[in-house]
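1. sequence-free structure coming up:
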């Protein structure tokens, strides 16, 4: 995956009250695809066309809608954007906003941020053709260009919302992106420190894109008994798996949580199965993934549990006494995820569950790609547990997502809830694609596609 022309950049996206405001959602996607971190500012009229919820879900930042709003840490939101953004792009920009900006009337967050910033400003107007050619608009645009140094991307010629044909349509989005790239090309990143930028929301707001889906999630560590008192285990707290469960429930899924040793509260809305050993985990996963008279088979498995790799060959039935030395013969535990993948391989492609595995490594993620292939999973979440903030028991994680098609996304340090939502974004899309293939096959064979 290429870094993108805006990698590492923070871009402020100002949206004003034009009917073309809906196109700003796609513009946000395009800027993000170029590697930008995007934070959105809305005028009050823009919020009538596209609500803050859509922009918050896609940008993962609080949306600035009021000049009096403060960030959770008490900072003034539009000022933080003005001070840290590498560029601000206003698209669409209405005739009203052009006039307000040309005269410095900071009555909304977009104008206020542009007044307060020393970063480049790119403006993409959209309005009726006669409004665009009115002397007032022509004068305001000239002032923004000549006195303020703003880059203005002129509107295109074509059909307008009024039914007329003229110059006033918002410019093609790739042209706006190109203007932003050119505006920052020779400039250093203004604020590389995430602490100086607007904060990420703890988790993005999502639609119920997993409604009607059944997910199985494992969490925590397994414990392999040495005797009735002692065990072989690991340091997993279960935070990552529980974060996936919370996110999946919020997105409408029915969730079965198979929990080993965990240190966090378990969600009330999930069906919880408690296990201790890897063998118990294997039995619980196989049962939960299969269908029975009361339920369909699971749509996806997210194997976030840290499974003990070894178990004592001969656990003692009574407590071992203290001695000078203790020798244990350890044997490998079952590879639960690989077994589920082998079972899934026998299913028709349309019925195959989406499988997500985790790989906890130390020092390097070089082995992760091999694990993806060996376990035959669709998505592997790899992290270096020796890295600060990314190990067991933390509320944050820095992961790399590897997929079956060879894709590799190296994510920054995020909260585990944010990581959970990014994983479920992949799951939701994959299941939608699976349903699409089923409908296509059904239609091809003369069966109803619904």
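-> That came through fine. For clarity, every value in this text was computed on a predicted model and none was experimentally measured.

2. got the residue ranges for the helices in the stretch 1-150 of the chain?
-> 23-33, 46-49, 52-59, 77-84, 95-102, 109-116, 129-133, 135-146 (DSSP state H, counting those that start in this stretch).

3. For residue 394, give me its contacts.
-> Each residue near residue 394 by Cβ atoms under 8 Å, 6 or more residues apart in numbering is listed here: 239, 416. Placement of C-beta: from N, CA and C, glycine included.

4. Swap in 10 Å and give it another go.
-> Counting by Cβ atoms under 10 Å, 6 or more residues apart in numbering, residue 394 touches 237, 239-240, 385, 387-388, 413, 415-416.

5. Could you measure from it over to residue 176?
-> Distance of residue 394 to residue 176, given as Cβ to Cβ, to the nearest Å: 39 Å.

6. Output the contacts of residue 394 in a markdown table; the columns should cover secondary structure, distance to residue 297 and neighbour count.
-> A markdown table is the format used below for these (DSSP: H, G, I helix; E, B strand; the rest coil; distance: Cβ to Cβ, whole Å; neighbours: other Cβ atoms under 10 Å):
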| residue | secondary structure | distance to residue 297 | neighbour count |
| --- | --- | --- | --- |
| 237 | coil | 30 | 21 |
| 239 | helix | 28 | 24 |
| 240 | helix | 24 | 30 |
| 385 | coil | 32 | 19 |
| 387 | coil | 37 | 15 |
| 388 | coil | 40 | 10 |
| 413 | coil | 36 | 16 |
| 415 | strand | 31 | 18 |
| 416 | helix | 28 | 24 |
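
7. Tabulate the residues you listed (JSON lines), appending distance to residue 58 and pLDDT.
-> Shown next, in JSON lines, are these (distance: Cβ to Cβ, whole Å; pLDDT from 0 to 100):
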{"residue": "237", "distance to residue 58": "30", "pLDDT": "90"}
{"residue": "239", "distance to residue 58": "25", "pLDDT": "92"}
{"residue": "240", "distance to residue 58": "23", "pLDDT": "94"}
{"residue": "385", "distance to residue 58": "30", "pLDDT": "78"}
{"residue": "387", "distance to residue 58": "28", "pLDDT": "79"}
{"residue": "388", "distance to residue 58": "29", "pLDDT": "75"}
{"residue": "413", "distance to residue 58": "20", "pLDDT": "78"}
{"residue": "415", "distance to residue 58": "17", "pLDDT": "81"}
{"residue": "416", "distance to residue 58": "20", "pLDDT": "87"}
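
8. can I assume residue 69 is in contact with residue 108?
-> No: contact criterion Cβ atoms under 10 Å: residue 69 and residue 108 do not qualify, at 11.5 Å.

9. Which residues are in contact with each of the two?
-> With Cβ under 10 Å, 6+ apart as the test, residue 69 and residue 108 both reach residue 78.

10. which of those two has more neighbours?
-> residue 108 (26 against 13; other Cβ atoms under 10 Å).

11. Give the full set of residues in contact with the more buried one.
-> 14, 16-17, 41-46, 64-67, 78, 96-97, 100-101.

12. How about the most centrally placed residue in the chain: what's its closest non-neighbour residue?
-> By Cα atoms, centre = their mean, the chain has its centre lying nearest to residue 422, at 3.4 Å. Ranked by Cβ to Cβ, 6 or more residues apart in numbering and with sequence neighbours excluded, the top spatial neighbour of residue 422 is residue 411, at 6.8 Å.

13. likewise residue 367?
-> In space, and not counting its chain neighbours, residue 367 is closest to residue 361: 6.4 Å by Cβ to Cβ, 6+ apart.

14. likewise residue 379?
-> residue 356 (4.7 Å).

15. on contacts alone, who are the packing partners of the helix or strand residue 431 falls within?
-> Assigned by DSSP states H and E, residue 431 belongs to helix 416-444. Counting by 3 or more Cβ pairs under 10 Å, 6 or more residues apart in numbering; DSSP states H and E, the packing neighbours recorded for helix 416-444 are strand 214-219, helix 239-250, strand 300-303, strand 354-361, strand 379-384, strand 396-397, strand 399-403, strand 414-415.

16. Check which residues of it are buried.
-> 416-424, 426-428, 430-431, 434, 438 (16 or more other Cβ atoms under 10 Å).

17. Quickly name whichever of those is closest to residue 399.
-> For the buried residues of helix 416-444, the closest approach to residue 399 (Cβ to Cβ) belongs to residue 419, at 5.7 Å.

18. Now do the closest residue to the closest one other than its chain neighbours against residue 246, distance only.
-> Spatial nearest neighbour of residue 419, excluding adjacent residues (Cβ to Cβ, 6+ apart): residue 397 at 5.0 Å. When distance is defined by Cβ to Cβ, residue 397 is 15 Å away from residue 246.

19. next one: residue 229
-> 33 Å.

20. Neighbour count for those two, which is higher?
-> Between residue 229 and residue 246, counted using other Cβ under 10 Å, the more crowded position is residue 246 (21 against 10).

21. Quick check: chain neighbours aside, which residue is closest to that one?
-> residue 267 (5.7 Å).

22. Contact partners for the one you found?
-> Counting by Cβ under 10 Å, 6+ apart, residue 267 makes contact with 217, 242, 245-246, 248-250, 255, 257.

23. Give me the lowest-pLDDT entry from those residues.
-> The member of those with the lowest pLDDT is residue 250, at 90.

24. just to revisit the earlier point, out of the helices of the stretch 1-150 of the chain, which is closest to residue 184?
-> Closest among the helices of the stretch 1-150 of the chain, using Cβ to Cβ: helix 23-33, at 11.4 Å.

25. Now do the closest one against helix 52-59, angle only.
-> Put simply, helix 23-33 runs at 10 degrees to helix 52-59, going by axes from the mean of the first three to the mean of the last three Cα atoms, to 10 degrees.

26. Report the buried residues of helix 23-33.
-> For helix 23-33, a neighbour-count test (16+ other Cβ under 10 Å) marks 23-25, 27-28, 30-32 as buried.

27. Closest one to residue 191 out of those, please.
-> residue 31 (16.8 Å).

28. so where's the chain uncertain?
-> By pLDDT under 70, the weakly predicted segments of the chain are 1-3, 72, 201-206, 293, 345-350, 438-450.

29. how does it divide into domains?
-> Domains of the chain are assigned by automatic domain parsing as 10-196, 214-444.
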